[in-house]
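Asks: Sequence and computational prediction follow.
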Amino acid sequence: MRQLKSRGSTKRVKLVKKVRKVAPYLAPVVDGVEAAQDLDVTMQNLSPDTSQTRCLVCKGGKMLCGKSSCPLLHRLYSFLKVKPLLDKTDLEGSSPPGVFVGRFGYPKVYAGPLVPPVIGDTSIYDSPEDWMYLDLDQILEYRYSLVRGMHRVTVYEPEQSGRIIDDTRDMTLSSGPVETEVMFKKRPRRPLRLDSGVQPMGPSAMLDKFVLGTMRGHKQLERAYDDRDLKAAPAVVDLYTNDVNLTKITRAFSMGSFGIGANRRMVPTRWSITAVDSTVGRHFRSRVKELPFINEYRVYEHSFLGNHFKILMAPEEWNYELVEAWYPGTSWNPSGSHIGICSDWESNKGRSGYARIGGCYYAARAMVTERLAGEGRQASVVILREARPNQLMPLGVWVVRETVREALAQPYLRFDTREEAIRYMMSGLKIDLKTWIDGGSLLARQLYQRRLTDFVH
């Protein structure tokens, strides 16, 4: 007699089907309910509405916004440095390699290579893993130097979309920078938008011709591309656990290089970053939940470009929370008069939906689960991010990922009690404990909930 599916099982299957229907480009990695819950398929890309009135009065001199320096002038100076090199319809340069797949108009989107007007080793131009100790102006110069070539493509046919897309995909499977020649239909243009709430991007133009020079393939990436029976999620995990960095994996993932052959899809860059972070984090989390607890309270910390991170690990079963606090005048709280708090968390059983805090949640989770799995330990983790006025502009999810990675690479401070650890965390932050507790759930539980072990001596 045929067995009927349980109501819970049916609900889980429906969730996976819903995500695949709304975001079919993520089908290669959405093969389970956890993956479906990790991905937000309805959230709009909302940009803060900033008034430029203060800027007209300030003109970068009075710092009326409360920042330590003018984010608009940083953008302007960096843009003007590279603009003379980009004012033509042809371009020769070594791509890092870099690619960008847009999302507007999906399933018909614009995709193509990112090429700087520089010949040589340009790998750092699109390598956030190497940006941790660079200053803002240098990072902006790299961003603005990458010219985006655009070619209209249907994401369902990554391998039947013509020579330009074939060459762009091949480039992402390279082990290093690739010399390229690009012809545009018009000169690349990107009006310099003086808005500190918008991520910096270089100019773009429609492609007329794209020619690859000699390149050396990355063996592991090519092997994953050639294996048409390997699902995308296992491919991502296998590559990362074999020392292929996340940027390289994300590029290839975005160009539809992984997954069951007939199911391969190109994925908008914005989504591919979260999908890869989420996949890596789920893999390490499944291992961490089976490991013994750490035997102390730990605090890790690191600061970068106005972002101050404190990470608390407690000797308990896996729970995780990210709490972000944004000062007035920062990127995502530009016109507020009070500190803005946003948080999300998961219990040992996982989440029931996409984190409202967005891709940062999954980027940080990937790093802490990797750190714990590497040590062979389990812990409850709370991450506090304090974005102060000298956090001048949004640069991407990579800021969270790499700052958390760097914090976890540093020696931690050890404490015998939860209260001591939290007291130390607060000593290095400007926002008071009550504000953090009001904005988060797990931190309050860490501080106030008593456990049986508290009564055992």
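Replies: Here it is on my side, so go on. Numbering: from 1, shown residues only.

Asks: use CA for all of it now, contacts and neighbours both
Replies: Will do.

Asks: Now do stretch 179-188: everything it contacts.
Replies: 86-95, 115, 119-120, 147, 149, 203-215 (CA atoms under 8 Å, 6 or more residues apart in numbering).

Asks: Just the ones of those in strands?
Replies: If you go by DSSP state E, the contacts of stretch 179-188 have 90-95, 115, 147, 149, 204-212 in strands.

Asks: just how off-centre is the lengthiest helix in the chain within its chain?
Replies: Identified as the longest helix of the chain according to DSSP state H is helix 269-288. Counting by CA atoms, centre = their mean, to the nearest Å, helix 269-288 is centred 10 Å from the centre of its parent chain.

Asks: quick check: mean pLDDT across that helix?
Replies: The average of the pLDDT scores along helix 269-288 is 95.

Asks: where exactly do the strands run in the stretch 151-300 of the chain?
Replies: Along the stretch 151-300 of the chain, counting by DSSP state E, counting those that start in this stretch, strands occupy 178-184, 204-212, 297-304.

Asks: what's the closest of these to residue 432?
Replies: strand 297-304 (17.1 Å; CA to CA).

Asks: What are the contacting residues of the closest one?
Replies: Contacts of strand 297-304 (CA under 8 Å, 6+ apart): 132-133, 308-315, 399, 403-404, 406-408, 410-418, 421, 425.

Asks: following that strand, which helix or strand comes up?
Replies: strand 307-314 (DSSP states H and E).

Asks: quick one: strands adjacent to that following strand?
Replies: Using DSSP bridges, the strands paired with strand 307-314 are strand 297-304 (antiparallel), strand 380-387 (antiparallel).

Asks: Convert the C-alpha atoms of it to PDB, please.
Replies: Extracted in PDB, the C-alpha atoms of strand 307-314 (Å, rounded to 0.1, in the frame of the first residue of the first chain):
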ATOM      1  CA  ASN A 307      32.300  49.000  11.400                       C
ATOM      2  CA  HIS A 308      33.000  47.700  14.900                       C
ATOM      3  CA  PHE A 309      32.300  44.000  15.500                       C
ATOM      4  CA  LYS A 310      32.200  42.100  18.800                       C
ATOM      5  CA  ILE A 311      31.600  38.300  18.700                       C
ATOM      6  CA  LEU A 312      30.500  36.400  21.800                       C
ATOM      7  CA  MET A 313      30.800  32.600  21.900                       C
ATOM      8  CA  ALA A 314      29.200  30.800  24.800                       C
END
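
Asks: CSV for the strands of the stretch 151-300 of the chain, including mean neighbour count and distance to residue 374?
Replies: As requested, these are exported to CSV (neighbours: other CA atoms under 10 Å; distance: least, CA to CA, whole Å):
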stretch, mean neighbour count, distance to residue 374
strand 178-184, 21, 34
strand 204-212, 18, 39
strand 297-304, 21, 16
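
Asks: Tabulate those (CSV), appending mean pLDDT.
Replies: As requested, the strands of the stretch 151-300 of the chain are exported to CSV (pLDDT from 0 to 100):
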stretch, mean pLDDT
strand 178-184, 95
strand 204-212, 93
strand 297-304, 97
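
Asks: Can you add distance to residue 383 and give these back as CSV?
Replies: Listed next are the strands of the stretch 151-300 of the chain as CSV, based on distance: least, CA to CA, whole Å:
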stretch, distance to residue 383
strand 178-184, 38
strand 204-212, 37
strand 297-304, 9
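
Asks: Could you tell me how many residues sit around residue 423?
Replies: Neighbour count of residue 423, defined by other CA atoms under 10 Å: 11.

Asks: is it true that it lies in a strand?
Replies: No - counting by DSSP: H, G, I helix; E, B strand; the rest coil, residue 423 is not found in a strand; it is helix.

Asks: Looking at the strands of the stretch 151-300 of the chain, which is nearest to residue 127?
Replies: strand 178-184 (14.5 Å).

Asks: What pairs with the closest one, parallel or antiparallel?
Replies: strand 90-95 (antiparallel), strand 204-212 (antiparallel).

Asks: Among those strands, which comes closest to residue 240?
Replies: strand 90-95 (22.2 Å).

Asks: beta partners of the nearest residue to residue 209 once chain neighbours are set aside?
Replies: Closest residue in space to residue 209, ignoring its immediate chain neighbours: residue 183 at 4.9 Å, by CA to CA, 6 or more residues apart in numbering. With DSSP bridges as the criterion, residue 183 is bridged to residue 90, residue 209.

Asks: thinking again about what came up before, tell me what the longest helix of the chain is packed against?
Replies: The contact analysis (3 or more CA pairs under 8 Å, 6 or more residues apart in numbering; DSSP states H and E) places helix 269-288 against helix 232-241, helix 246-254, helix 359-375.

Asks: would you list those helices in TSV and tack on distance to residue 342 and mean pLDDT?
Replies: Formatted as TSV, the helices and strands packed on helix 269-288 follow (distance: least, CA to CA, whole Å; pLDDT from 0 to 100):
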stretch	distance to residue 342	mean pLDDT
helix 232-241	29	97
helix 246-254	26	97
helix 359-375	11	97
